[in-house]
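> Here is my input, please return the structure:
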Amino acid sequence: MNLCFAGYVHTFLGNQTHTDHFKLLNQDGSSLLVGARNVVFNISLSDLSENTEQRIEWSPRTRDTELCLVKGKSEEDCNNYIRVLAKVDSEQLLVCGTNAYNPRCRNYARNNESVYEVIREFSGKGYCPYDPTNNSTAIYAGKK
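Here you go, the predicted structure:
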C-alpha cells in the first residue's frame, strides 16, 4: 500500500512472507483499518506506521483449518482473511473473516487501554465471503 505526502511516497508492506490480500476496511480519523491474513492493521495516516497496540489478530480455529484442508483447499487459503469491518458505535467494531472457508464474525470493544477485545463471536455466513479472493462490499445498517 502506498500513499504520497508532500512528494514522498510512504509504503506499508504488512507481512512480507505471504500474500495478505489487503482490503481497506475503514478510515477512523487519523488512521486506517486494513484487513489482511489473520490480522486487522491499524495504520497511521500521517506516516503509514502501524499502531501495533491496536492491531487485531485473529487466526482461524484449528478444527476449521483441518476441515478446510480436508476439502482440498491450500494452506494459504485456509487462513482467516478479514473482509468485513463496520463501526457499530464509537467504541465497538464488527469484524468478519473467511475463517478457513467457514466465515466467522466478532464484535470488538476497546478496553481502558484502548486495546480491542472480543465481546462476542458468531457465524459469519451471509455476512462475509468464504473465499479470500472474493471481492465483496458490506454496509452496516444497524444492530441485529
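> Just say helix, strand or coil for Val95.
strand (DSSP: H, G, I helix; E, B strand; the rest coil).
> how much space between it and Tyr101?
Computed as Cβ to Cβ, to the nearest Å, the Val95 to Tyr101 distance reads 17 Å. For the C-beta atoms, the positions are set from N, CA and C on the backbone; glycine is no exception.
> more neighbours, those two?
A count of neighbours by other Cβ atoms under 10 Å puts Val95 above the other of Val95 and Tyr101, at 26 against 19.
> which residues does that one bridge with?
Using DSSP bridges, the bridge partners assigned to Val95 are Leu85, Arg106.
> Surely it and Trp58 touch.
Yes: counting by Cβ atoms under 8 Å, Val95 touches Trp58, with 7.3 Å between them.
> first vs last residue of stretch 71-83, how far apart are they?
End-to-end span of stretch 71-83 (Cα to Cα, to the nearest Å): 22 Å.
> what's the offset of it from the middle of its chain?
14 Å (Cα atoms, centre = their mean, to the nearest Å).
> Which of the helices or strands spans Glu117?
Assigned by DSSP states H and E, Glu117 falls within strand 116-123.
> I would like the residues contacting that strand, please.
Contacts to strand 116-123, defined as Cβ atoms under 8 Å, 6 or more residues apart in numbering, come from residues 54, 56, 92-93, 103-111.
> quick one: the helices in the chain?
Remark: helices assigned in the chain by DSSP state H are 62-70.
> Please enumerate the strands of the chain.
With strands called from DSSP state E, the chain shows them at 2-5, 8-11, 23-28, 31-36, 39-44, 56-57, 82-89, 92-97, 104-110, 116-123.
> Return the distance of the residue nearest to Glu57 when sequence neighbours are not counted relative to Ala86.
By the measure of Cβ to Cβ, 6 or more residues apart in numbering, the closest residue to Glu57 outside its immediate chain neighbours is Val39, 5.3 Å from it. Taking Cβ to Cβ as the measure, Val39 falls 17 Å from Ala86.
> Give me the more crowded residue out of the two.
Val39 (22 against 17).
> can you pull the pLDDT of the more buried one?
pLDDT recorded at Val39 is 93.
> repeat for Phe5
At Phe5, pLDDT is 48.
> Leu32 reaches Leu45, doesn't it?
Yes: using Cβ under 8 Å, Leu32 is in contact with Leu45, at 6.3 Å.
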